[in-house]
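[1] Here you go, sequence then predicted model.
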Amino acid sequence: MEPQIISENTDPVTAVQSKNLFSDLKISEKIKTIKFAQVLQITTREINKLKNKIGNFTANNYSSFKKTPSSKNLLLPIIFIIVVVAILAAFLYFGKSSNGVMVVSDARPAPSVAKESRIVNKEIEFPIRDGKGKVVNTLKYNIETAELYDSFIVKGQRARAVQGRTFLILNLKLTNQYTQEIEIKTTDYVRLVNNKKELIAPDIHNDPVAVQAISTKYTRVGFAIDDDNKNLTLRIGEITGSKETLSINF
């Protein structure tokens, strides 16, 4: 499939697809729940202490409060202020580390770390055609690196491979030297040859990918493979055009 030219007024939407590879581990939510429970426990303890003090104070000074009703009207605002101060103090206490430095909780998932990586740096060019089929420029499609992952981040969530499987990720660099934005299906240009000599299309991708005019776009495609697949063969090229064979050994 050849890259398509997009009108400058078109606002393409990048879609992220997968095959039910993703699971949501809500670790940050659990941490927040634990911290809130600790804060609530401290706050409850402080309120109980405060209630005991107020009870003692009221018992000892009941007669004076009875004689001066305006003093009783001041009691509730005082209690409210003390409770608010206790809650703020508890939050500040749990928001600091042992050395007194404020720690800000970061709920974002940690970046994935590749088990193995290989530099590929294989670049091919595809023609960019206008609406009449005329070649107006070329698109550079560069496979920079190939990496193996047990897990990786997609749509802000971590996807994990099952036992015996791993993810092969190809990091791509797309360069558009044309004066208009183009849209490309990155999965149309690469196939993985499996042990049965079958051609497997990527099932991890961000297609369709829009590349702005006179710009470079970084993206990736990926495959789920067996752990023992160390000698990999890729076929790259246009669907209807000639193909090149690329070997990657881990």
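    Perfect, I can see it now.
[2] List the buried residues for stretch 233-250?
    234, 236-238, 243, 246, 248 (16 or more other CB atoms under 10 Å). Quick note: C-beta positions are derived from backbone N, CA and C, even for glycine.
[3] Give me the buried stretch members for stretch 164-175, please.
    Neighbour counts using 16+ other CB under 10 Å place 166-175 of stretch 164-175 among the buried residues.
[4] so Arg220 touches Leu168, yeah?
    No. At 10.5 Å, Arg220 does not count as touching Leu168 under the criterion of CB atoms under 8 Å.
[5] residues contacting Asp228?
    Residues in contact with Asp228 (CB atoms under 8 Å, 6 or more residues apart in numbering): none are found.
[6] how far away is it from Val120?
    As judged by CB to CB, to the nearest Å, Asp228 and Val120 stand 21 Å apart.
[7] next one: Tyr149
    Taking CB to CB as the measure, Tyr149 falls 16 Å from Val120.
[8] Looking at those two, which one has more neighbours?
    Legend: neighbour count by other CB atoms under 10 Å for Tyr149 and Val120, higher for Tyr149 (20 against 16).
[9] Chain neighbours aside, what residue packs nearest to that one?
    Distances taken as CB to CB, 6 or more residues apart in numbering place Phe167 nearest to Tyr149, at 4.5 Å, with adjacent residues excluded.
[10] Would you mind measuring from Ile124 to Val154?
    Counting by CB to CB, the gap from Ile124 to Val154 is 26 Å.
[11] Oops, could you answer that again for Thr138 instead?
    Distance, Thr138 to Val154, by CB to CB: 30 Å.
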